[in-house]
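Colleague: Predicted coordinates and the sequence they were generated for:
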Amino acid sequence: MPKHSETRPLPYSPEQMFDLVADVARYPEFLPWVSAIRVRSNSDTQMVADMIVGFKGLRETFTSRVEKARPGSLHIEYVEGPLKHLSNDWKFRSDGQGGCLVDFSVDFAFKNRVFEMLAGQMFDRALRKMINAFEERAARLYGDSTSASVSSGAEAPGISSSSAHNAA
C-alpha cells in the first residue's frame, strides 16, 4: 500500500491553495493522467466526484467524497472503483509571512495486485509529478515565486517528507 506525507512551504495564501485543490472539475486541465471529472454533487462543505484516470492503455474510474473545511483542509475519502481504500488529506496553514504551509498525505491500495505492483514501482515519480502539477498550476493562477519549491522534483530546504511502500 503506497503511503506518503509531506509539508511544503508555498508563497500563496491558505485560501488560494484551498481554492486550487478544491476546484476538482479543473483537474483534467493540469493533472497528469486525469482525463475527465464528473462532479455528482457540490456544496460548501462536501463534494462527490467521479475521476477517470488513464496510463499506458489502462483506464479506471473511481468516485470520491471530498469533505471541505474552508480554508484549512480537504479530506478525500474513497467511495467506489478499483481501489481497496483511499484516504487523502490537504491542510493549509499560514506561515505568518503571507504564504502557507501545505500538509499533504495520501494512503491507498488497489484491489488488483497488478495495479498495486505497478503503483509501487512508479509511486514516487508519479507523486512528484502530481505535486509539481499543483505547484505549477498555483504559479500560473497566482503568480510565480522563487520561494516555491523547485519544480524539477528536488525538495526545497525546509520540506519534510516521508514515504512508505508495501505491495499488498
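Modeller: Structure's in. What do you need?

Colleague: Could you report the distance from residue 11 to residue 93?
Modeller: Distance of residue 11 to residue 93, given as C-beta to C-beta, to the nearest Å: 14 Å. Placement of C-beta: from N, CA and C, glycine included.

Colleague: which one of those two has more residues nearby?
Modeller: residue 11 (19 against 16; other C-beta atoms under 10 Å).

Colleague: if I read this right, the more buried one contacts residue 94, doesn't it?
Modeller: No - with contact defined as C-beta atoms under 8 Å, residue 11 does not count as touching residue 94 (12.0 Å).

Colleague: Name the surrounding residues that touch stretch 40-57.
Modeller: Residues from elsewhere that reach stretch 40-57 (C-beta atoms under 8 Å, 6 or more residues apart in numbering): 22, 24-25, 27, 33-39, 59-70, 79.

Colleague: Please narrow these to those residing in strands.
Modeller: Judged by DSSP state E, the subset of these located in strands is 34-39, 59-69, 79.

Colleague: Buried among those residues? Need that as a selection in PyMOL.
Modeller: In PyMOL, this line selects whichever of those come out buried by 16 or more other C-beta atoms under 10 Å:
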select buried, resi 34+37+60+62+64+66+68
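
Colleague: Please enumerate the helices of this structure.
Modeller: 14-22, 27-30, 113-142 (DSSP state H).

Colleague: what's the most buried one of those?
Modeller: Greatest average neighbour count among the helices of the chain goes to helix 14-22 (a mean of 20), per mean count of other C-beta atoms under 10 Å.

Colleague: Who are the packing partners of that helix?
Modeller: strand 58-69, strand 73-80, strand 83-94, strand 100-110, helix 113-142 (3 or more C-beta pairs under 8 Å, 6 or more residues apart in numbering; DSSP states H and E).
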